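> the sequence isn't on hand, but the structure is:
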DNA sequence: TTTCTATATGCGAATATAGGCATATAACAT
DNA sequence: ATGTTATATGCCTATATTCGCATATAGAAA
């Protein structure tokens, strides 16, 4: 019960839904790519990623200075699996989500030198 | 986005998950049956039912003095449909849920004259 | 070492949520 | 009409959540 509630709460927030939606677009993203894609502060990105991680929704992997986050596609709990699927099907016409994806493609494509020189 | 968040929030609470789980056991239940099954106050039952109703998870139907609530199985939003399915598969071994179901079967079977003379 | 860059986190303020008590409303019975 | 039962809701308090600021930590580079 506790787990289920934690998981549901983790996607009951607009910022975190947006994070999941951009993560579903790529194999993995580092925090600075996510904050640029969503146009949010670093604190906000980090804290919400922590919540998604604690829920089991995303995995993190340190690579030097960068931490790469990815959707947990390996051995997710059944709840996570179903909800990832739900989110994958959802909001694909949403204005805000489309903007995030657009910014994401720009950030990842151009490297965006000012921040995140990781690519 | 707003709808999705409202729906996820509606099942991010133990009381409401318990309500959905007992409602999944029957065609419909009135408020007093639900409050007895979960052993909670009337206020708590009513308020949480309202939240589930606003999310589109449950339907209500007045029958005289009683209001019968049921899972929205007719034309639920895709989100609701998937999440109902998820909840149907979930927590079937959960101690608390089993207790709720046990109390439910007693309440509905015996009529429990002290409250809810609706049956 | 010091100095960057990337990320995490403690604290505090604003806001949201849950649930109790009292009360309101609705339907029915007398 | 009055009373009784079922349900809903306004107000209040306790608790939780979100997020910004400042700061801490971690790794790479100089």
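All right, it came through fine. Being a predicted model, the structure only gives us computed values, none of them experimental.
> quick one: the helix or strand hosting residue A:84 to chain centroid distance?
Here residue A:84, judged by DSSP states H and E, is contained in helix A:78-89. Offset of helix A:78-89 from its chain centre (CA atoms, centre = their mean, to the nearest Å): 14 Å.
> how many neighbours does the residue lying closest to residue A:9 once chain neighbours are set aside have?
Once flanking residues are discounted, residue A:9 sits nearest to residue B:12: 4.5 Å by CB to CB, 6 or more residues apart in numbering or on different chains. Where C-beta positions appear, they are placed from N, C-alpha and C, glycine not excepted. Residue B:12 is flanked by 20 other residues according to other CB atoms under 10 Å in any protein chain shown.
> list the contacts for residue B:12?
By CB atoms under 8 Å, 6 or more residues apart in numbering or on different chains, the residues touching residue B:12 are A:5, A:8-9, A:12.
> where's the residue nearest the centre of chain A, which helix or strand?
Centroid-nearest residue in chain A: residue A:19, 3.1 Å away (criterion: CA atoms, centre = their mean). Using DSSP H and E, residue A:19 sits in helix A:14-23.
> is DNA strand C within reach of the worst-scoring helix or strand of chain A on mean pLDDT?
Here the helix or strand of chain A ranked lowest by mean pLDDT, DSSP states H and E is helix A:95-110, holding a mean of 90. No: judged by CB under 7 Å from any atom of the strand, helix A:95-110 makes no contact with DNA strand C; its nearest approach is 11.6 Å.
> quick check: angle from that helix to helix A:14-23?
Helix A:95-110 runs at 50 degrees relative to helix A:14-23, counting by axes from the mean of the first three to the mean of the last three CA atoms, to 10 degrees.
> helix A:95-110 near DNA strand D at all?
No: figure legend: helix A:95-110 not in contact with DNA strand D (CB under 7 Å from any atom of the strand); closest approach 12.7 Å.
> mind listing what's buried in that helix?
A:97, A:100-101, A:103-104, A:107-108 (16 or more other CB atoms under 10 Å in any protein chain shown).
> next one: stretch A:50-58
For stretch A:50-58, the neighbour count (16+ other CB under 10 Å) marks A:51-52, A:55-58 as buried.
> that one and DNA strand D, are they touching?
Yes: applying CB under 7 Å from any atom of the strand, one finds stretch A:50-58 in contact with DNA strand D at residue A:51.
> closest to DNA strand C out of the contacts of residue B:12?
Relative to DNA strand C, the closest of the contacts of residue B:12 is residue A:12; by CB to the nearest atom of the strand it sits at 8.0 Å.
> give me the distance between that closest one and residue A:67.
As judged by CB to CB, to the nearest Å, residue A:12 and residue A:67 stand 24 Å apart.
> what lies in contact with the helix holding residue A:19?
With contacts defined as CB under 8 Å, 6+ apart, helix A:14-23 is touched by A:10-11, A:29, A:34, A:37-38, A:40, A:44-45, A:48-49, A:51-52, A:57-58, A:69-71, A:84, A:87, A:91, A:96-97, A:100-101, A:104, B:1, B:4-5.
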